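Novice: Here is a sequence with its predicted model. Questions after.
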Amino acid sequence: MSKGSKIEWTDHTFNAWLGCEPVSPGCDHCYAEVSTPVRVLGVKFGTRQPRHRTSAENWKQPLRWEREHAQFYEEHGRRQRVFSASLSDWLDNAVPIEWLVDLLDLVRRTPSLDWLLLTKRIGNFKKRLAEASDYVWNSGAGAIADAGSLREWIDAWRTGPPPENVFVGATIVNQAEADRDISKLLEVPAYVRFLSMEPLLAPVDISDFLTPSYPNCETGFAQGERMEVGYCGTCAGHVSDPIHNPAMRDFVDWVIVGCESGPYARPAHPDWVRSLRDQCVAAGVAFLFKQWGEWLPWDHFNAARIDDSLESTRYATMEWKGDRWEDVGHPIWSDSVDGIIDDRHCMGRVGKKAAGRLLDGKLYDGFPVAGAQRVRRSSALTTGAAVSCLGYA
């Protein structure tokens, strides 16, 4: 649970506990609820259902990965990424606070691993870490090994600087969640902040959260060549000039986009995905397209080498009508020529494996730079240092 994860953007997954309850439209067809570990252990998802702590042996896995750091780095030239949690939520209020304390301590004791902590409850960060700190303080050194150092580590994270081995992410599936939660994510101290936009259920504009903002600059900060050498693209002043104080607002470093899989999967329009790609490219933010899921756009059939009938598609088809998806069955290809359907808005259910993860014939595998050499964009810009297109020196 699991070394060698099949998830495209991590190396391992670690679940300190199992179980959750729905808090988002993205939870409607929860893959975790029907996953093998959950079914084998009989864990129930839903309101007031207890969470299930995983085995002591499972908790030892990150310590083994930590010991393997040097070998992994030599082979891959980077640090190992650990996604937590794929079958639960690390900021879930229903989880006993001592379990969260144990997870935080594990993260602290594995500084060579980059932990990707993803949540649908980003607004719980301040509350849960305050509770964790209080728990360590009240339990005392007798109950928790190295309790003093652990509490210092937790409290330092609460106010910054954050742990260097932690990426903090929020799940965003539609515009309402983006408007509600991304600003909360930007308030969390983190060297890397990321969005997991899976399952993508609607068009989403996140452009305001991908670029820095200077409150005192007349029209804000315009992304462009001037940024690379530490100059504001709006007023042409250096970012260290007084007009750019207070310091800029932090922003999102990495965007992961994926479409839904499973028996009840909902399609995502390719223009929604393209828009997010284009927003990231314009801002110089790392973009990773994870998968099309069950449904593939008709205009991607050739690139994906989908074997289909020349007359009537053999794949169930959905057409986007501007505000909803409509089941159009198995239309004949000439319907698009005759204007009965618009093939630019049609998706065929070819299955996850066949659909793949190419967007307009290209693989998007963007990652933010990680490891001990990372420098926050805000620090680089404030000092006038050059920054790369992914946001790190």
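Specialist: Everything's here; your move. All figures in this text were calculated on a predicted structure; none of them were measured in a lab. Numbers count the residues shown, from 1 in each chain.
Novice: so Leu276 makes contact with Val252?
Specialist: No: here Leu276 lies out of contact with Val252, judged by Cβ atoms under 8 Å, at a distance of 11.2 Å. For glycine as for every other residue, the C-beta is placed from the backbone atoms N, C-alpha and C.
Novice: pLDDT below threshold where in the protein?
Specialist: Scanning the chain for pLDDT under 70 picks out 1-3, 140-143, 212-249, 370-393.
Novice: Please enumerate the helices of it.
Specialist: Listed in chain order, the helices found in the chain under DSSP state H are 36-41, 56-67, 69-76, 97-108, 125-139, 147-159, 175-186, 225-228, 270-283, 334-338, 352-355, 377-382.
Novice: Would you mind listing the buried residues in stretch 280-299?
Specialist: By neighbour count with 16 or more other Cβ atoms under 10 Å, stretch 280-299 contains the buried residues 280, 283-298.
Novice: next one: stretch 329-349
Specialist: Across stretch 329-349, burial judged by 16+ other Cβ under 10 Å covers 331, 335-336, 341, 343, 345-349.
Novice: can you check stretch 35-53 too?
Specialist: Here stretch 35-53 shows 35, 37-38, 43, 45, 51-53 as buried, counting by 16+ other Cβ under 10 Å.
Novice: Of those residues, which belong to strands?
Specialist: The strands, defined by DSSP state E, take in 52-53 from these.
Novice: Of the buried residues of stretch 35-53, just say which sits nearest to Val168.
Specialist: Nearest to Val168 among the buried residues of stretch 35-53, counting by Cβ to Cβ, is Arg51 at 20.8 Å.
Novice: quick one: that closest one and Gly19 touch, right?
Specialist: Yes: if you go by Cβ under 8 Å, Arg51 and Gly19 touch, sitting 4.0 Å apart.
Novice: if we can go back for a sec, determine the residues that are contacts of both of Leu276 and Val252.
Specialist: Shared contacts of Leu276 and Val252, defined by Cβ atoms under 8 Å, 6 or more residues apart in numbering, comprise Ile206.
Novice: tell me the contacts of His12?
Specialist: 2-5, 61-62, 65, 80-83.
Novice: swap that for Glu198, please
Specialist: 26, 171, 173, 256-260, 290.
Novice: Quick check: it vs Ala355, distance?
Specialist: Per Cβ to Cβ, to the nearest Å, Glu198 is found 14 Å from Ala355.
Novice: What segments of the stretch 251-393 of the chain are strands?
Specialist: For the stretch 251-393 of the chain, applying DSSP state E, counting those that start in this stretch gives strands covering 254-258, 286-291, 295-297, 317-320, 325-329, 346-349, 358-359, 362-363.
Novice: what residues does the fourth one touch?
Specialist: Applying Cβ under 8 Å, 6+ apart, the external contacts of strand 317-320 come out as 267, 269, 295, 298, 325-331, 341-342, 345-349.
Novice: Check what contacts stretch 93-100 and list those residues.
Specialist: The contact list for stretch 93-100, computed with Cβ under 8 Å, 6+ apart, reads 16-17, 19, 21, 50-51, 53, 88-90, 121, 124, 127-128, 131-132, 135, 139.
Novice: Can you pull up the most central residue in this structure?
Specialist: Ser196 (2.7 Å; Cα atoms, centre = their mean).
Novice: Confirm for me that that one is in contact with Val168.
Specialist: No: Ser196 lies out of contact with Val168 (Cβ under 8 Å); the separation is 11.2 Å.
Novice: Measure how buried Gly366 is and give me the count.
Specialist: 18 (other Cβ atoms under 10 Å).
Novice: I figured it hits Leu288, correct?
Specialist: Yes: counting by Cβ under 8 Å, Leu288 is a contact partner of Gly366 at 5.1 Å.
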